[in-house]
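**Student:** Show me the folded form of this:
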Amino acid sequence: MKILTPAQEIFLQSIIKNELAKNEAATKLSVESIDQKSIVLSVQRGEDKSSWQTISSHSAQPRDVSNDEAIRKIFSALSETGSALLIEQGKTRQRIKIEKGKIVRENVVNIPSPLKEPAWAIGKSTHLDPHQSAPLLQAVGLMTGEGEIKAPMRRKFKQVNHFIELICPFLPREKSRKPYTIVDCGCGNSYLGFVLCWYIRHNLNHSVRFYGVDIARDRIDHCVERAKTLDLKEMSFECASNRDAHLPSSPDLLISLHACDTATDEALALGVAQHARHIAAAPCCQHEIARQIDGAPGYPISKHTIFKHRFADLLTDMARCLFLEAHGYSVTVGEFVSVDETPKNLLLRAQRGNRCAAKRESEYESFKQHYKIRPSLDTFLLELQAR
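**Tutor:** You can find the predicted model right below:
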């Protein structure tokens, strides 16, 4: 950006101050990068209407700030990046640019709002900027051409965004020449994969490399076409099982969202075998352990099907956590959406590094012996390591 005179700096600050002083809930100021393809900083009125929320390309979490701090942040972002300031108030939009040392204001026309509720982009539901992400969400079939999330896809949209909310601590925070590598096991239509790649590339300004794997050829073909449409050359897809896929070693993140039955176990074993830095898995239906405890001595609950399957679900996920801990991962477990959205709402998050791995390995063996179960996790891992 050209160096402004002190008078021009004061004038620019006054413009920002006046815009923030307007008592309109829909006011939003965004600092655009020079090429106007990404947002450096967004400032929007907070829920209490008396403060402001900021979200920058360096931080995934929105932050409440005072009016004065919001002014300083916007001015600093403009001064450091030589960017443009986009001011939105309802249907009114104007852009302020610095050209040849002069401040230029222009009305923005023929740019339809991709969303009817701009607040959708900042807060608990998602970190995606609506202007950036509309092409993505429309391409993957979550959003209509008018900018609304499709009614049948709202549950999927919420699941994907809550998933990203919880794995944000795993995502890159520092600049690096090395792409952040993601493996998606049982990717299906890869809603999560596309949103993750878009978010890392456009919001975090970090390079990314994505590998999606699924056994359904039609879904893989659709994903390939969508990646071409969105010009996401860093995304590749393979039609194969999790165990047979050709994947990179030591990925930064391996994810598995609702892979059925032992497909989740294949994904976890693959993460361990490939030395993934982070693993995030939301298990789906589970049948293997339920078959093993059916009619077994000491399991009187097996005569009631609902008890048997609920108990098997619990045993399965406990075994998965112990398996990961036994192989050197620290694990946390929690719900990533309400049970009203889906009963399969458990999320296992694992990060490589566990000093108690030897102890957990002993506990894992004792656990299996006590409950007389033989999870396929161990077999899958041995097969992968043998390869």
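
**Student:** and stretch 279-297, what's its mean pLDDT?
**Tutor:** The average pLDDT for stretch 279-297 rounds to 83.

**Student:** Give the helix, strand or coil label for Ile289.
**Tutor:** When classified by DSSP: H, G, I helix; E, B strand; the rest coil, Ile289 comes out as helix.

**Student:** Can you give me every residue that contacts Leu20?
**Tutor:** Leu20 makes contact with 27, 29, 43, 52, 67, 70-71, according to C-beta atoms under 8 Å, 6 or more residues apart in numbering. For every residue, glycine as well, the C-beta is placed using N, CA and C.

**Student:** can you pick the most crowded of these?
**Tutor:** Val43 (26 neighbours; other C-beta atoms under 10 Å).

**Student:** Can you list the helices and strands that the helix or strand hosting Gln138 packs against?
**Tutor:** In this assignment (DSSP states H and E), Gln138 forms part of helix 130-139. Judged by 3 or more C-beta pairs under 8 Å, 6 or more residues apart in numbering; DSSP states H and E, helix 130-139 is in contact with helix 191-198.

**Student:** roughly how far is the helix it packs on from the heart of the chain?
**Tutor:** From the chain centre to the centre of helix 191-198 is a distance of 7 Å (C-alpha atoms, centre = their mean, to the nearest Å).

**Student:** Check which element follows it along the chain.
**Tutor:** The helix or strand immediately downstream of helix 191-198 is strand 208-214, counting by DSSP H and E.

**Student:** from the contacts of Leu20, which single one is nearest Ala151?
**Tutor:** Ranked by distance to Ala151 (C-beta to C-beta), the contacts of Leu20 are led by Thr27 at 29.0 Å.

**Student:** So for the nearest residue to the closest one once chain neighbours are set aside, what's the pLDDT?
**Tutor:** What sits nearest to Thr27 in space, not counting adjacent residues and going by C-beta to C-beta, 6 or more residues apart in numbering, is Gln89, at 5.3 Å. Note on Gln89: pLDDT of 71.

**Student:** so Gln89 makes contact with Leu29?
**Tutor:** No. Contact between Gln89 and Leu29 fails when scored by C-beta atoms under 8 Å: they sit 9.7 Å apart.

**Student:** Now stretch 233-249: average pLDDT?
**Tutor:** Average pLDDT, stretch 233-249: 90.

**Student:** Show me what that stretch is in contact with.
**Tutor:** With contact meaning C-beta under 8 Å, 6+ apart, stretch 233-249 is reached by 179, 181, 183, 185-187, 190, 193-194, 197, 201, 207-217, 220, 223-224, 227, 259, 263, 266-267, 269-270, 274-275, 380, 383-384.

**Student:** Mind giving me the PyMOL command for buried ones among these?
**Tutor:** Buried subset of those, written as a PyMOL selection, criterion 16 or more other C-beta atoms under 10 Å:
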select buried, resi 179+181+183+185+186+187+190+193+194+197+201+207+208+209+210+211+212+213+214+220+223+224+227+259+263+266+267+269+270+274+380+384
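
**Student:** Now tell me which helix or strand of the chain has the poorest mean pLDDT.
**Tutor:** Least confident element among the helices and strands of the chain, by mean pLDDT, DSSP states H and E: strand 52-56 (a mean of 70).

**Student:** buried set for the helix or strand following it?
**Tutor:** Per DSSP H and E, the first helix or strand lying C-terminal to strand 52-56 is strand 63-65. Neighbour counts over strand 63-65 (16+ other C-beta under 10 Å) mark Val65 as buried.

**Student:** other SSEs contacting strand 63-65?
**Tutor:** Judged by 3+ C-beta pairs under 8 Å, 6+ apart, strand 63-65 is in contact with strand 52-56.

**Student:** Flag every buried residue along stretch 169-178.
**Tutor:** 170-172.

**Student:** now, which of those sits nearest Lys102?
**Tutor:** Using C-beta to C-beta, the buried residues of stretch 169-178 come closest to Lys102 at Pro172, 37.2 Å.
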